[in-house]
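>>> one predicted model, sequence on top.
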Amino acid sequence: MPRLFTGLEIPEDVGYALSLKRGGLSGARWIDVENYHITLRFIGDVDHPMAEEVADSLDRLANSMRFDVRLTHLGSFGGDKPRSLYAGIEPSETLNRLQAAQERVLQRAGLPPEGRKFVPHVTLARLRGSTALDVARFIAEAGRFEPLSFPVGRFVLYSSRDSVGGGPYVVEQHYPLAA
């Protein structure tokens, strides 16, 4: 039974720049650079017929427009008990439209609605035992986050194995966006 999600790939040069933020945060399990991505829609464990339906449904979105993504800051999820450190993305109407379109076609294919609000980001580390103060100190000491931009020409359907922290991720299919 495959575990699926859709996302955007991170270019090698952007991944390298993000990797320079690694280190110096206790309790951090740093994500491998080759597993950096922006999740658009978590699908989860599905049987093979549903996986085929998902792949076919996503084909309908190939006419979505290309756009740029801009990473602008570091942040964390989890509040007083931080669970991940991420690079945040500047708000993008086009990115939000693509994600919403995926949500619609995947619900039409029979998947339940995504329960979480879409907050586009690149996870840099999973945290265990880090305090909110540790994370705040790390972000403050990381200094100015020089924005990183890249063009998005496609989105992909990823599969992953059930593991702690995810990865390795495999691109099962890619969907080019219109120029």
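Received, thanks. Residues are numbered from 1 along each chain as shown.
>>> low-confidence ranges, this protein, go.
Along the chain, the parts satisfying pLDDT under 70 run over 1, 162-167.
>>> in which helix or strand does Phe138 reside?
When secondary structure is defined using DSSP states H and E, the element that contains Phe138 is helix 132-141.
>>> give the bridge partners for Trp30, please.
Here Trp30 sits in beta bridges with Ala125, as judged by DSSP bridges.
>>> show me what contacts it?
When contacts are counted by CB atoms under 8 Å, 6 or more residues apart in numbering, Trp30 touches Arg22, Gly23, Leu124, Ala125. Glycine gets a C-beta too; all of them are placed from N, C-alpha and C.
>>> in TSV: those residues, plus neighbour count and distance to Ile139.
Compiled in TSV, the contacts of Trp30 are given as follows (neighbours: other CB atoms under 10 Å; distance: CB to CB, whole Å):
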residue	neighbour count	distance to Ile139
Arg22	14	14
Gly23	10	14
Leu124	22	11
Ala125	24	12
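>>> any idea which of these is the one closest to Ser92?
Distance to Ser92 across the contacts of Trp30 (CB to CB) is lowest for Leu124, with 19.7 Å.
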